[in-house]
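S.K.: my questions are about this predicted structure, shown below with the sequence.
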Amino acid sequence: MRCALLSLLLCVSGVAQAFDVAPHKVGDALPTADAQALLARYAARPQQPWREPSEARIPAGPAGDQIRDGIDILRNTATRVGKLAPDASKRMNWNSLNCVNCHQAGPSGLPGSKKFTLPLVNAVNDYPKFDIKSGKIISLEQRAMGMFGAGAVPIKVEAPEFQAVLAYLRWLAQDTLPDAAMDGAGLLPMKALDRAADPVRGQKLYASKCQACHGVDATGQRKPNFDQGGGYLFPPLAGSDTYDNAGHMFAVPLLARYIRASMPFGASADKPQLTPAEALDIAAFVNDDTTPRGQNPNRSKLYPDAALRPQGFAIPENFAGQPAQAYQRAKFGPFRNINEHY
């Protein structure tokens, strides 16, 4: 039944399996050696230059309308499908964020087109892939559905909104090479430090460089029509309406690399406004255990293969019986390879 469902997802969406995971398939859980081999194959893909279509190339007619609808959903997720969306039957997303709060727009204005901030330009070519968080091979559809999370209304692959997002992703990748990685994808590579990230330093840096937009308590700035699904002017970094204590960005190195390519407002990968040390310290403060955040009761089940667990994803449950400094070292570093994953 599970394999049949996954086949249906791929068929309905029209998204081809661009990365060849054979002899494995979507849904397979892999032992460490097989997972490492597949991850190595994935990392060894040839690089292609950044390729991004112009919004003016979206065709007229129903196909183009679906693509434009996908763009609107990514830009106005909170209003269209957020937890406070005016149409209660569309509340498929678990929070009030817009997708572009994370998958930012670059100079073109297209969602997910800013380099090194988890862009979406090459997304259809990056899947299926081995997901270290679940320990299984996942499809693009599964990743996208996971981003919606557990909203009040369960999301279905055949939902027009979901299909519109997939249509946009396919269109966005129209000029790309299907079997290649892309320059500017993922997160910004960053020089490692020979010291641990420091949340105390990070708190001071946050106050001077981040607080004006994201708030004293890091819960963001709400738009005046927030309660009607308006979302945020500046998104939260803490509290219950952002990533929880099991999210990808809860890993200090990942958050630091994202921050450096995008923050403070106006920063970019080619014109960062923070040093690597500053980005790491701010990430340490934001992800410190004292910062209020949603609690994921299932986080101890994530990253089931300890050999593949990413640096910085440190939770006390995985350090039972060990000295406190072992947990702190895993959470804040120094990190052996700050650029692993993404």
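M.R.: Perfect, thanks for sending it.
S.K.: next up, the contacts around the residue lying closest to Phe250 once chain neighbours are set aside.
M.R.: Spatially, and ignoring its direct neighbours in sequence, Phe250 is nearest to Asn287 (5.6 Å; C-beta to C-beta, 6 or more residues apart in numbering). In this view, the C-beta of every residue, glycine as well, is placed from N, C-alpha and C. Listed by C-beta atoms under 8 Å, 6 or more residues apart in numbering, the contact partners of Asn287 are 249-252, 255, 312, 331.
S.K.: just for the stretch 1-150 of the chain, where's the confidence low?
M.R.: Judged by pLDDT under 70, the stretch 1-150 of the chain has its weakly predicted residues at 1-17.
S.K.: re the thing from before, pLDDT check: weakest of the contacts of Asn287?
M.R.: The lowest pLDDT within the contacts of Asn287 belongs to Gly312, which sits at 87.
S.K.: strands of the stretch 151-300 of the chain, start to end?
M.R.: Per DSSP state E, counting those that start in this stretch, the stretch 151-300 of the chain carries strands over the ranges 181-182, 221-222, 232-234.
S.K.: do you know how far Asn76 is from Gly230?
M.R.: Between Asn76 and Gly230 the computed distance is 9 Å (C-beta to C-beta, to the nearest Å).
S.K.: thinking Asp175 is in contact with Pro53, fair?
M.R.: Yes: between Asp175 and Pro53 there is a contact under C-beta atoms under 8 Å: 5.9 Å.
S.K.: can you check the distance spanned by stretch 242-254, start to finish?
M.R.: In stretch 242-254, first residue to last residue: 15 Å (C-alpha to C-alpha, to the nearest Å).
S.K.: I meant stretch 268-286, not that one.
M.R.: Terminal residues of stretch 268-286 lie 20 Å apart, using C-alpha to C-alpha.
S.K.: please identify the most buried of the strands of the stretch 151-300 of the chain.
M.R.: Highest mean neighbour count among the strands of the stretch 151-300 of the chain (mean count of other C-beta atoms under 10 Å): strand 181-182, with a mean of 20.
S.K.: show me what that strand is packed up against.
M.R.: Applying 3 or more C-beta pairs under 8 Å, 6 or more residues apart in numbering; DSSP states H and E, one finds that strand 181-182 contacts strand 47-48.
S.K.: relative to Phe19, how far out is the nearest residue to Gln48 once chain neighbours are set aside?
M.R.: Excluding the flanking residues, the one nearest Gln48 by C-beta to C-beta, 6+ apart is Ala180, at 4.2 Å. Using C-beta to C-beta, one obtains 10 Å as the distance from Ala180 to Phe19.
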